[in-house]
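Peer 1: Okay, here's the prediction I keep looking at, along with the sequence it came from:
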Amino acid sequence: MTSPAAETFGPPVVEAAAVYHHYGAGAQRVDVLFDINLEVREGEILIVTGPSGSGKTTLLTILGTMRRPSAGRVRLLGQDLGEADPRDLDDLRNRIRFLFQKRNLLSSLTAVQNVMAGVATTPLSHPDWDEERARHLLGLLGLADKANAWPDELSGGQQQRVAIARVMIGLPDLIIADEPTSALDRVSGRVVVDQLKDLASKAKCAVVLSTHDERIFDVATRRVHIEDGRCFDVPIHHH
């Protein structure tokens with residue numbers, strides 16, 4: 001599924017062609033995805049909707065190199081994942097960040113240290129800049145006064161904003177977000193998706209976001225719906 005507004009955005013970041021996936025074998029085989037074809041370009045936010053068990057999370061893990069499809073082809077930043085060697089995959093994974101409903105903050109690190117951890121093992125890390133950038137991002141997200149707080153001193157919404165700062169500091173080419181606002185109130189959820197939208201626009205990052213949260217559908221440049229493992233384009237209407 002090529003974006004109808006492809007000319008508005010940059011080159012493809014993710015391309016999936018005839019992707020199928022199943023778990024198990026023989027009598028235990030469960031087919032999860034059928035003939036998935038989609039493309040996400042620089043600067044796009046693709047929202048993926050569908051009922052629980054429809055295959056959304058499986059699709060996201062395939063697009064994020066965490067799982068290989070049973071059949072079909074996935075290209076990430078022009079690299080065919082089926083032909084990528086381990087070093088290629090490591091390089092690609094350095095250009096992807098994941099944002100989950102579960103924040104996965106390290107309890108032994110402060111908020112600012114958790115953000116810095118998002119860039120620590122990448123070529124973008126610089127000892128003179130990491131903390132300054134981390135504090136700047138926390139400030140953008142309204143957490144300047146919480147930079148030295150421990151995760152258990154933060155609310156769920158504040159923890160999720162720390163998690164998005166950790167995603168942003170790495171300047172990724174692709175963000176995969178799985179239900180990132182489902183546990184947040186309206187205000188915290190809006191802060192998170194507005195920052196994702198800003199990052200997509202300014203840093204030419206592609207975002208693939210699965211959600212049931214109708215409050216945030218308006219950030220999408222495109223939406224697809226998965227039902228029984230099959231993918232359909234859904235028209236979006238901006239007001």
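Peer 2: Ah, there it is.
Peer 1: Could you give the number of residues near A120?
Peer 2: A120 has 12 neighbours, counted by other C-beta atoms under 10 Å. Glycine gets a C-beta too; all of them are placed from N, C-alpha and C.
Peer 1: That one and D128, how far apart?
Peer 2: 14 Å (C-beta to C-beta, to the nearest Å).
Peer 1: And N104, by the same measure?
Peer 2: 27 Å.
Peer 1: what's the answer for R67, then?
Peer 2: 38 Å.
Peer 1: which of those two has more neighbours?
Peer 2: A count of neighbours by other C-beta under 10 Å puts R67 above the other of R67 and D128, at 14 against 6.
Peer 1: Now do the phi/psi pair for the residue lying closest to the more buried one once chain neighbours are set aside.
Peer 2: Excluding the flanking residues, the one nearest R67 by C-beta to C-beta, 6 or more residues apart in numbering is T61, at 4.4 Å. Dihedral angles of T61 (phi, psi; degrees, to the nearest 10) stand at phi -70, psi -30.
Peer 1: try Q159
Peer 2: Torsion angles, degrees, to the nearest 10, at Q159: phi -60, psi -40.
Peer 1: which residues touch it?
Peer 2: Neighbouring residues of Q159 by C-beta atoms under 8 Å, 6 or more residues apart in numbering: R103, L105, P151.
Peer 1: same question, G64
Peer 2: Contacts of G64 by C-beta under 8 Å, 6+ apart are I96, F98, L174, I176.
Peer 1: With K204 instead?
Peer 2: By C-beta under 8 Å, 6+ apart, the contact list for K204 reads G10, E42, G43.
Peer 1: Give me the distance between the residue most central in space within the chain and P235.
Peer 2: Nearest residue to the geometric centre of the chain (C-alpha atoms, centre = their mean): I176, 1.4 Å. Counting by C-beta to C-beta, the gap between I176 and P235 amounts to 23 Å.
Peer 1: S125 too?
Peer 2: Taken as C-beta to C-beta, the span from S125 to P235 is 42 Å.
Peer 1: which residues touch the helix or strand where L46 lies?
Peer 2: In this assignment (DSSP states H and E), L46 forms part of strand 45-49. Outside strand 45-49, the residues within contact range by C-beta under 8 Å, 6+ apart are 38, 40, 56, 59-60, 196-197, 200, 206-212, 216-217, 219-226, 234.
Peer 1: Filter these down to the buried ones.
Peer 2: Buried members of these, scored by 16 or more other C-beta atoms under 10 Å, are 38, 40, 56, 59-60, 196-197, 200, 206-211, 216-217, 219-226.
Peer 1: Restricted to strands, list these.
Peer 2: The strands, defined by DSSP state E, take in L38, V40, A206, V207, V208, L209, S210, R222, R223, V224, H225, I226 from the buried ones among the contacts of strand 45-49.
Peer 1: who does the lengthiest helix in the chain touch, helix- and strand-wise?
Peer 2: For the chain, the helix with the greatest residue count under DSSP state H is helix 186-203. Using 3 or more C-beta pairs under 8 Å, 6 or more residues apart in numbering; DSSP states H and E, the elements in contact with helix 186-203 are strand 45-49, helix 156-169, strand 174-178, strand 206-210.
Peer 1: now L109: how far from E214?
Peer 2: From L109 to E214 the distance is 34 Å (C-beta to C-beta).
Peer 1: In terms of neighbours, single out the busier of those two.
Peer 2: Shown here are L109 and E214; by other C-beta under 10 Å, L109 has more neighbours (15 against 8).
Peer 1: Which strand or helix spans the more buried one?
Peer 2: Following DSSP H and E, one finds L109 outside all helices and strands.
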